[in-house]
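Colleague: could you look at this predicted model? Sequence included:
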Amino acid sequence: MRGLAFVQIRHTYEFVRVACLLVWLSFHYGHAAVFPGERWESVPASAVNMRAEGLLSARDYALTGAGSGYITRHGKRVLAWGDPKKLYDLKSTTKSFGAAALGLAIKDGKVRLSDKAKDLHPAFGTPPETNAQTGWLDQITVLHLASQTAGFEKPGGYTPLLFPPGTKWDYSDSGPNWLAECITLAYRRDLNDWMFERLFKPIGITSADLTWRKNSFRPHLIDGIPRREFGSGISANVDAMARFGYLFLRRGEWNGQQLLTAEYVDQVRVPVPASRNLPVVKPEEYSDAATHYGLLWWNNAGGSLKGVPRDAYWSWGLYDSLIVVIPSLDIVISRAGQSWKRQKGAHHYAVLKPFLEPIVQAVDMR
């Protein structure tokens, strides 16, 4: 009888645990997914259980750097400022668009995170020729390139390797730019055309909303194909940025189409396990970045922003261009403009606190 009682208790526990999980999911994701058409539906903050005061506080802080922004909840726009059609040079926010391109390539079976970059790109890593002399090029994987652990120096051109792959975390444009070339060669297509076809057009982004410049650091063509950058290079408006963020909030699904796999999105938004304990090059600039960087997206998994949910993640470029996704609150935020003022010696994330925390605090959890 004891064994039977134990089994009954265990089954009861499992039932309660699953029931609680379903209640939690219902609370957070109980709203049927709403997708914007040509325009976002605009509603007052109270319609999505938010308080306007916090949103206005975030907007006012954002405007210390001028620019434009959107705040959305449950697929509806609750606040906007600036010009929604103005294109901004997004700088490193381009990296997160590169993460989407990688997700498509993985979904298509063209690329795997474990693939050696040299197998995808015969000339990978050179010039400079000194990189070949290190003996490290053959070890670099797609995962290293996507997680800032490949070892390439920062600038977007042809830069030297600073350390063996997987031994340090170092923020780089050159590494992601090599990744862009690997994907270009896998498809043998201009990534601009391919991304519009596969992702941008399906989510309502047009060429008037987003442009991708010619490569500014390397020759324009690779094997006769336009060579794009992931390190930087995309200009977009905040409407397009919000749509892109909303695709990730919905775990790669857009109005019935699974454009990216949910599993890939889940992997992108959390720290890479192999990177968590790596030393950070230039910690005075990037603090403990290795603990809160996924696949070309930043995140709050380490709790550095104490007033922001740990499942929050974001793209982040020079001039503080941001696409912020907070799954537990069903929120997407986009912002572009000029840089916010920084305090010398402050944590890398400190500049985000006055912007993100008021938005989170504006959510009425009753």
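Modeller: All right, it came through fine. Residues are numbered from 1 along each chain as shown.
Colleague: do a quick rundown of the helices in the chain.
Modeller: 2-29, 52-62, 94-107, 117-120, 130-134, 142-146, 174-187, 191-195, 238-249, 262-268, 283-286, 353-361 (DSSP state H).
Colleague: next, the angle helix 174-187 makes with the third one.
Modeller: Right, helix 94-107. Between helix 94-107 and helix 174-187, the angle formed by their directions is 40 degrees, by axes from the mean of the first three to the mean of the last three Cα atoms, to 10 degrees.
Colleague: between helix 94-107 and helix 238-249, how many degrees?
Modeller: 40 degrees.
Colleague: chain center to helix 94-107: distance?
Modeller: 9 Å (Cα atoms, centre = their mean, to the nearest Å).
Colleague: closest one to residue 205 among the helices of the chain?
Modeller: Checking those against residue 205 by Cβ to Cβ gives helix 238-249 as the closest, at 4.5 Å. Bear in mind the C-beta positions are built from the backbone N, C-alpha and C, glycine included.
Colleague: output the helices of the chain as a markdown table; include the columns distance to residue 222.
Modeller: Formatted as a markdown table, the helices of the chain follow (distance: least, Cβ to Cβ, whole Å):
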| stretch | distance to residue 222 |
| --- | --- |
| helix 2-29 | 42 |
| helix 52-62 | 38 |
| helix 94-107 | 15 |
| helix 117-120 | 12 |
| helix 130-134 | 17 |
| helix 142-146 | 16 |
| helix 174-187 | 6 |
| helix 191-195 | 11 |
| helix 238-249 | 25 |
| helix 262-268 | 25 |
| helix 283-286 | 30 |
| helix 353-361 | 38 |
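Colleague: which among the ones you listed is found nearest to residue 327?
Modeller: Of those, nearest to residue 327 by Cβ to Cβ is helix 238-249, at 6.2 Å.
Colleague: OK, contacts around residue 67?
Modeller: 82, 88, 335-338 (Cβ atoms under 8 Å, 6 or more residues apart in numbering).
Colleague: can you flag the buried ones in those residues?
Modeller: For these, a neighbour count by 16 or more other Cβ atoms under 10 Å gives the buried set as 82, 88, 335-337.
Colleague: now those residues in CSV, with distance to residue 357 and pLDDT?
Modeller: Below are the buried ones among the contacts of residue 67 laid out as CSV (distance: Cβ to Cβ, whole Å; pLDDT from 0 to 100):
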residue, distance to residue 357, pLDDT
82, 21, 98
88, 23, 98
335, 14, 98
336, 20, 98
337, 19, 98
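Colleague: can you pull the pLDDT of residue 365?
Modeller: According to the prediction, residue 365 has pLDDT 77.
Colleague: not counting sequence-adjacent ones, nearest residue to residue 292?
Modeller: Closest residue to residue 292 apart from its sequence neighbours, by Cβ to Cβ, 6 or more residues apart in numbering: residue 302 at 4.6 Å.
Colleague: my read: the one you found touches residue 271, true?
Modeller: Yes - using Cβ atoms under 8 Å, residue 302 is in contact with residue 271, at 7.4 Å.
Colleague: hang on, residue 356 packs against residue 305?
Modeller: Yes - counting by Cβ under 8 Å, residue 356 touches residue 305, with 6.3 Å between them.
Colleague: who has more neighbours, those two?
Modeller: residue 356 (24 against 19; other Cβ atoms under 10 Å).
Colleague: need the pLDDT of the more buried one.
Modeller: So, for residue 356, pLDDT stands at 98.
Colleague: coming back round to it: measure the residue nearest to residue 292 to residue 277 for me?
Modeller: 12 Å (Cβ to Cβ, to the nearest Å).
Colleague: between these two, which one's more packed in?
Modeller: Per other Cβ under 10 Å, whichever of residue 302 and residue 277 has more neighbours is residue 302, with 17 against 9.
Colleague: no more questions from me, cheers.
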